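1. Predicted model and sequence below, questions to follow.
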2 protein chains.
Amino acid sequence: MALIVQKFGGTSVGDVERIKNVAKKVIATKKAGNDVVVVVSAMSGTTDYLINLGKQTNPNPSKREMDMLVSTGEQVTIALLSMAIHYFGEDAISYNALQIGIKTTSDYTKAKILGINTEKIFESLKQGKIVVVAGFQGVDEEGNITTFGRGGSDTTAVALAAALKADRCDIYTDVDGVYTAAPRIVKNAKKLDYITHDEMLELASMGAKVLHDRSVIFAMKYNVPLRVVSTFVENEGTLIVKEYNNMEDLVITGISKKADETRVNIAGIPDRPGIASMIFKKLAEKNVNVNMIVQSVGKDSKSQISFTVLNTDVDDTKRVMEEVQKELGADNVSYDQDIAIVSVVGIGMKAHSGVAAKVFEVFAENNINIEMISTSEIKISVVIKKDKADDAVRLLHQKFFE
Amino acid sequence: MALIVQKFGGTSVGDVERIKNVAKKVIATKKAGNDVVVVVSAMSGTTDYLINLGKQTNPNPSKREMDMLVSTGEQVTIALLSMAIHYFGEDAISYNALQIGIKTTSDYTKAKILGINTEKIFESLKQGKIVVVAGFQGVDEEGNITTFGRGGSDTTAVALAAALKADRCDIYTDVDGVYTAAPRIVKNAKKLDYITHDEMLELASMGAKVLHDRSVIFAMKYNVPLRVVSTFVENEGTLIVKEYNNMEDLVITGISKKADETRVNIAGIPDRPGIASMIFKKLAEKNVNVNMIVQSVGKDSKSQISFTVLNTDVDDTKRVMEEVQKELGADNVSYDQDIAIVSVVGIGMKAHSGVAAKVFEVFAENNINIEMISTSEIKISVVIKKDKADDAVRLLHQKFFE
């Protein structure tokens, strides 16, 4: 008998019929002799509807109240899924984050999980129940409701799997696994049977929407066997693993596009130590996640720093950068939303030289201007104009996979 | 400075504009120098929508999961109202029942309040915040979410007012007070400036929808000054008081109609002590509230018992009555939904004889058949066919008020 955590996203629980379909899948896993904990998102469309209602009420809504508002979406789903499981004759019980104590930081709308109280869950499992848990939400030390940001239900599932020491965590979604590129952009994209945590993390951070990046970090940290699998198609999906045989046969694993970031550029700042640190510390204090960072020094020994932040963090960023500009007497700060980040990811890069050259070649041959470059051991990311991004992904896919 | 609890029902918070309107009213009370605690219901239509969603998923849904589901409605409203208050520049914070600990029994869908933890509320008030609390819901000893049944937000408001020792509890609704009869039935119905707790309780139990009966019991028990007032029209509403001057000038105060009950009749049961007690104990165990009860003995010294229960409790009642029928060897049990209860209420009855006679006269003169009669010191209720009920209310109103 294994303990399995299953997570179903918004599309998988999009209406009553689909919720009943999920109930059947969950019951099948239970009847195969497993203990099952299910994590669900809000029904698709619900979160957007609630956010919109909030913004109609107050264009600049309190983040605490926003979390109070949107967290109701998952609570609706856990109740409905439990009812559906009962309908098919199995026992089930639902819990929201307050009830089982999914403890988080107080960073509303992007809280981080600190710990999960497993007592109630184990007790209910022992009573033979399927346990249905609300994803995406937690509770801080003072009992305030928090949420984890888009895709946060993945993180709930993996964190639960870690806390419960589950044998496996299956992320059910509307795609049947991790692909070499988004199939909606690249027709020939191939499903991967395996991918490493590191690669998945880079792809998730860089726009592959199949898994939330923080869920991958949890899976790595606590060694949770993680699988991405389709709710609608029967196949084995993609296993996210520490390593696999012949890993280095594939030079790269995937190509991703991220089109929801803004490039921030601050020019004419004195070229002395500590400035980057000062800027990014201030941004971190506002809980702004900075993605790519590039610094360069000009002729007049003044330097310029470019970085990218989520579009949703631009307002907070502007407030910080106004301060920074004054403090440094910098020339100006500019913002460009008309960009996309295209990334090439693969653990094979470590062993194969020349990948970067091959990537840049693709851009040069096709006359696509590169505005920023950032690389890690297993990833090359470039910032280009948004309208060139899909082409770039297709061209890179051709070069490396076809 | 006073501490005032204000409650706004579903129609008052029916859309974003109305929520903003409520925010303005709440802020006005705060700015007049008061501490304000606001209790809100779900936006009108939400609870029905959620119940329907639940029944689509499982025609016989678990009551625990139903409470988990519908309690999200009030959570949406508290977040939106807090945002709206912020929008107009005042500070506010929302709490759901789990967060402040509105402790209840475990009787899902009709739980009873056992106590309220006031610590968090007082702390937030001290910080100058308007406190916005989710009505209709509580939490049992094990941390399960419970609800109080339709109109339960009134009970939350009065219970909070009692726990906080508030100076007043104002129930804002879509009518501007308590009337001598429902204005939608009787055009000449008059608004009452005062009504006693006892009268209000009888009217509320007997179909007057302006206040939830349990909220009146709370107000009586804890001596909470209670007022029914309109969200949309400026006037003083109706004060619900222990007693008022010249109370006995009005022989009766109000006429109500209740059309959501079923008459249950069990015939041919042995006429010996303890049988009524046995039946109603079994019903109480299933949490079925019995309203009117009449027992009579026939010629063959077999007796018959008739009583009324809410239509929503008929399924539970049938299960109990099947058992009872077998145990007693009773002839048969019949159910009639085609009934209404018309009640005449007034504390003046105590001092004026002949009220009952006058009531029955109205029915006789107009050829309306009475199926059951039940009286208390301040109330006369009769069961008649449903299609005669509105006429009966109008005729009684003419007789006593016009």
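-> Now that the structure is in, tell me what you want to look at.

2. partner strands of the worst-scoring helix or strand of chain A on mean pLDDT, parallel or antiparallel?
-> The least trusted helix or strand in chain A, going by mean pLDDT, DSSP states H and E, turns out to be strand A:290-297, with a mean of 85. If you go by DSSP bridges, strand A:290-297 pairs up with strand A:302-310 (antiparallel).

3. How about the partner strand, which residues are buried there?
-> By neighbour count on 16 or more other CB atoms under 10 Å in any protein chain shown, the buried set for strand A:302-310 is A:Ser303, A:Gln304, A:Ile305, A:Ser306, A:Phe307, A:Thr308, A:Val309, A:Leu310. (Glycine included, C-beta is placed from N, CA and C.)

4. Equivalent analysis for stretch A:122-142, please.
-> Buried residues in stretch A:122-142 (16+ other CB under 10 Å): A:124-125, A:129-140.

5. do that stretch and chain B meet at all?
-> No - Stretch A:122-142 lies apart from chain B when judged by CB under 8 Å from any CB of the partner chain; the minimum separation is 8.8 Å.

6. Tell me the gap between that stretch and the middle of its chain.
-> In terms of CA atoms, centre = their mean, to the nearest Å, the centre of stretch A:122-142 is set 22 Å apart from its chain centre.

7. Please report the separation between the first and final residues of that stretch.
-> Across stretch A:122-142, the terminal residues are separated by 25 Å (CA to CA, to the nearest Å).

8. average pLDDT across it?
-> Stretch A:122-142 carries an average pLDDT of 97.

9. Could you report the pLDDT at the closest residue to chain B within the stretch 301-402 of chain A?
-> At 16.2 Å from chain B, A:Asp315 is the closest residue in the stretch 301-402 of chain A, using CB to the nearest CB. For A:Asp315, the pLDDT comes out at 93.

10. and the angle from the strand or helix carrying it to strand A:290-297?
-> Assessed by DSSP states H and E, A:Asp315 sits inside helix A:314-328. With axes from the mean of the first three to the mean of the last three CA atoms, to 10 degrees defining the directions, helix A:314-328 sits at 30 degrees from strand A:290-297.

11. Quick one: list the elements packing against the very next helix or strand once past helix A:314-328.
-> Sequence order places strand A:332-336 as the next helix or strand after helix A:314-328, per DSSP H and E. For strand A:332-336, the elements it packs on are strand A:261-270, helix A:314-328, judged by 3 or more CB pairs under 8 Å, 6 or more residues apart in numbering or on different chains; DSSP states H and E.

12. Contacts for the first one, please.
-> With contact meaning CB atoms under 8 Å, 6 or more residues apart in numbering or on different chains, strand A:261-270 is reached by A:275, A:279, A:291, A:302-311, A:314, A:317, A:321, A:324-325, A:328-337, A:339-341, A:371-372, A:383.

13. What parts of the stretch 101-250 of chain A come near chain B?
-> Residues of the stretch 101-250 of chain A found near chain B (CB under 8 Å from any CB) are A:Lys120, A:Gly143, A:Asn144, A:Ile145.

14. For the last one, what are phi and psi?
-> Per-residue torsions, A:Ile145: phi -80, psi 130 (degrees, to the nearest 10).

15. Could you check the pLDDT of it?
-> 98.

16. Show me what it is bridged to.
-> Following DSSP bridges, A:Ile145 is listed with bridge partners A:Val139.

17. Please tell me how far A:Asp198 sits from A:Ser376.
-> Counting by CB to CB, to the nearest Å, the separation of A:Asp198 from A:Ser376 is 9 Å.

18. next one: A:Asn60
-> Distance, A:Asn60 to A:Ser376, using CB to CB: 36 Å.

19. Show me which of these two is the more surrounded one.
-> A:Ser376 (12 against 9; other CB atoms under 10 Å in any protein chain shown).

20. Does that one touch A:Glu202 like I think?
-> Yes - using CB atoms under 8 Å, A:Ser376 makes contact with A:Glu202 at a distance of 7.0 Å.

21. for the residues of the stretch 101-250 of chain A next to chain B, which one is nearest chain B?
-> Lowest distance from chain B to these (CB to the nearest CB) belongs to A:Gly143, with 5.1 Å.

22. if I pick that closest one, what's in contact with it?
-> Counting by CB under 8 Å, 6+ apart, A:Gly143 touches A:Leu98, B:Gln99, B:Lys120.

23. so it, which of the three states?
-> Put simply, A:Gly143 is coil when judged by DSSP: H, G, I helix; E, B strand; the rest coil.

24. Pop out the phi and psi values for it.
-> Residue torsions, per degrees, to the nearest 10, at A:Gly143 are phi 90, psi 10.

25. returning to what we had before: what's the farthest-apart pair in the residues of the stretch 101-250 of chain A next to chain B?
-> Maximum pairwise distance among those (CB to CB): 20.0 Å, between A:Lys120 and A:Asn144.

26. neighbour-wise, which of these two wins?
-> Shown here are A:Lys120 and A:Asn144; by other CB under 10 Å, A:Asn144 has more neighbours (20 against 16).

27. Can you say which helix or strand has A:Thr155 in it?
-> Per DSSP H and E, A:Thr155 falls inside helix A:152-163.

28. What's the first helix or strand after that helix?
-> As assigned by DSSP H and E, the chain's next helix or strand after helix A:152-163 is strand A:168-173.

29. Which elements pack onto the helix or strand that that following strand is followed by?
-> Past strand A:168-173, heading to the C-terminal end, the next element that is a helix or strand (DSSP H and E) is strand A:194-196. In this structure, strand A:194-196 makes packing contacts with strand A:238-241, judged by 3+ CB pairs under 8 Å, 6+ apart.

30. Please work out how many residues are found near the closest residue to chain B within the stretch 151-300 of chain A.
-> Closest residue of the stretch 151-300 of chain A to chain B, CB to the nearest CB: A:Ser153 (16.5 Å). A:Ser153 has 28 neighbours, counted by other CB under 10 Å.

31. Equivalent analysis for A:Thr253, please.
-> Using other CB under 10 Å: A:Thr253 sits among 26 other residues.

32. wait, doesn't it sit right on A:Leu201?
-> No - shown here, A:Thr253 and A:Leu201 do not form a contact pair, counting by CB under 8 Å, at 11.6 Å.

33. what comes into contact with stretch A:300-310?
-> A:260-271, A:275-276, A:279-280, A:283, A:288-298, A:317, A:331, A:339, A:341, A:372, A:383.

34. I'd like to know the average pLDDT value across it.
-> The average pLDDT for stretch A:300-310 rounds to 86.

35. A:Asn289 and A:Asp213, how far apart?
-> Shown here: A:Asn289 relative to A:Asp213, a distance of 10 Å by CB to CB.

36. do the same with A:Pro59
-> A:Pro59 sits 29 Å away from A:Asp213, taking CB to CB as the criterion.

37. Can you name every helix or strand that the strand or helix carrying A:Lys55 contacts?
-> Per DSSP H and E, A:Lys55 falls inside helix A:46-57. Other helices and strands packing on helix A:46-57, by 3+ CB pairs under 8 Å, 6+ apart, are helix A:63-70, helix A:72-87, helix B:16-31, helix B:72-87.

38. Secondary structure element for the residue of chain A most remote from its centre, which one?
-> The centre of chain A is farthest from one residue, A:Asp300, which by CA atoms, centre = their mean lies 40.4 Å away. Assessed by DSSP H and E, A:Asp300 sits outside every helix and strand.

39. Check A:Lys7 too.
-> Short version: A:Lys7 belongs to strand A:3-8, going by DSSP H and E.

40. do the same with A:Ile93
-> Element membership for A:Ile93, per DSSP H and E: strand A:92-95.
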